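In: here is my input, please return the structure:
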Amino acid sequence: MLPEDQLDQEPDLVAYRLPDTPDMPIVPAPVQRTWWDAAPLRYAYRCLPLLMANQNGWWILNDNTFTVRWNGGASTAALSVRYTDGEADRRQAMSHFGHGILTFHVPYLFRTPPGWNLLVRGPANLPKDGAHPLEGLVETDWAVATFTMNWKITRPDADIVFEAGEPLLMLLPQRRGELERFHPAHAPISRMPDAGDHRAWHDSRMAFAH
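Out: You can find the predicted model right below:
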């Protein structure tokens, strides 16, 4: 993100900080994943599509460690949020919708260029035990209302910890209308213009495997 004194350079994405909100940094999504580092020979780092997905957007980081617990009920009171400093009423996470949904109030109002939306989703390739991120698509080129990030707690009667510095959501700009321009089709591989390159790749993989 560009600093405030560079806004006259027409950046593609601007995050306007709301007043009286905590400092939740916005950072480029990194290529590293801790659970990849722990795997034998770090195999996941050899997969280019995974590496590209890891970095495909920006993260908003949690400002303070808290613990969530859901008893499986449908009411908002069925989910509790406990911050380490005991000041939950001044924090961004809360039970707002019920049914085990954890809601974060995002402390920014975003602006994108005309015709661009903002896909708001969970951090790519970063699974969290007991909680699943929900996705939303926001028309940030005109919307004047804020949005929330929501996680569905999937493990009742368990303490789910969100650490300080942990990414809470991932931001990915998308051009509006691009998806509608695609018309999925299928055809035999022999009709692909570069089918020969695919065969060469396939043969090399088979030779490597043996």
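In: so how far is stretch 149-160 off the chain centroid?
Out: Centroid separation for stretch 149-160 versus its chain: 16 Å, with C-alpha atoms, centre = their mean, to the nearest Å.
In: quick one: contacts of it?
Out: For stretch 149-160, contacts defined as C-beta atoms under 8 Å, 6 or more residues apart in numbering pick out 60, 67-72, 79, 97, 100-104, 106, 120, 122, 128-134, 136, 168-169. All C-beta atoms are positioned from the backbone trio N, CA, C, and that covers glycine.
In: what about 7 Å?
Out: 67-72, 79, 100-104, 106, 120, 130-134, 168-169 (C-beta atoms under 7 Å, 6 or more residues apart in numbering).
In: could you pull up the mean pLDDT of the strand of greatest length in the chain?
Out: Scanning the chain for the strand with the most residues, using DSSP state E, yields strand 167-175. Averaged across strand 167-175, pLDDT comes to 97.
In: after that strand, which helix or strand is next?
Out: Per DSSP states H and E, the first helix or strand lying C-terminal to strand 167-175 is helix 195-209.
In: mind exporting the C-alpha coordinates of that next one to CSV?
Out: The C-alpha trace of helix 195-209 is given here as CSV (Å, rounded to 0.1, in the frame of the first residue of the first chain):
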residue,chain,number,x,y,z
ALA,A,195,-0.3,-30.5,-27.7
GLY,A,196,3.2,-31.6,-28.7
ASP,A,197,4.7,-29.5,-25.8
HIS,A,198,2.3,-31.3,-23.4
ARG,A,199,3.4,-34.7,-24.7
ALA,A,200,7.0,-33.8,-24.2
TRP,A,201,6.3,-32.6,-20.6
HIS,A,202,4.3,-35.8,-19.9
ASP,A,203,7.1,-38.0,-21.2
SER,A,204,9.7,-36.2,-19.1
ARG,A,205,7.6,-36.6,-16.0
MET,A,206,7.2,-40.3,-16.7
ALA,A,207,10.9,-40.7,-17.2
PHE,A,208,11.6,-38.9,-13.9
ALA,A,209,9.1,-41.1,-12.0
